[in-house]
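# sequence? don't have it. structure:
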């Protein structure tokens with residue numbers, strides 16, 4: 001398989017600053033917008049010493065980022081809830097980026 005060119009965007013990464021956390025892991029999220037960063041999610045584009053593409057990411061506060069990266073343990077997260085939280089956060093982030101005019105989809109007008 002040929003490795004695709006990584007998708008990286010300074011605009012996407014910078015857009016996370018000051019945004020609400022899109023993960024909002026119940027009981028973990030601290031809601032502190034000043035700690036929000038673009039957190040990369042696992043997908044086929046990541047590998048050894050390489051983060052996933054910026055499309056496979058979400059806006060995450062420090063507390064939620066720690067949970068998805070495994071620095072903080074959250075009861076049942078890995079086993080029961082991880083996939084649901086990651087997908088929801090990615091879609092919420094895409095919608096936010098559409099609204100900011102950073103991401104566009106042909107035929108869709110940003111709200």
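Yep, that arrived. Predicted model, so just to flag it, every value in this text is computed and none were measured. Numbers count the residues shown, from 1 in each chain.

# drop to CA atoms for contacts and neighbour counts, all remaining ones
Will do.

# buried sites along stretch 83-103?
For stretch 83-103, a neighbour-count test (16 or more other Cα atoms under 10 Å) marks 85, 86, 87, 89, 90, 92, 93, 94, 95, 96, 97, 98 as buried.

# quick one, what contacts the second one?
The reference is to residue 86. Listed by Cα atoms under 8 Å, 6 or more residues apart in numbering, the contact set of residue 86 reads 23, 41, 58.

# A strand includes it, no?
No. The assignment for residue 86, made by DSSP: H, G, I helix; E, B strand; the rest coil, is helix rather than a strand.

# and it, how far from residue 22?
According to Cα to Cα, to the nearest Å, residue 86 and residue 22 sit 9 Å apart.

# any shared contact partners between these two?
Joint contacts of residue 86 and residue 22 (Cα under 8 Å, 6+ apart) are residue 58.

# now the contacts of residue 86 as JSON lines including secondary structure, pLDDT and neighbour count?
Shown next, in JSON lines, are the contacts of residue 86 (DSSP: H, G, I helix; E, B strand; the rest coil; pLDDT from 0 to 100; neighbours: other Cα atoms under 10 Å):
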{"residue": "23", "secondary structure": "coil", "pLDDT": "97", "neighbour count": "27"}
{"residue": "41", "secondary structure": "coil", "pLDDT": "90", "neighbour count": "23"}
{"residue": "58", "secondary structure": "strand", "pLDDT": "97", "neighbour count": "30"}
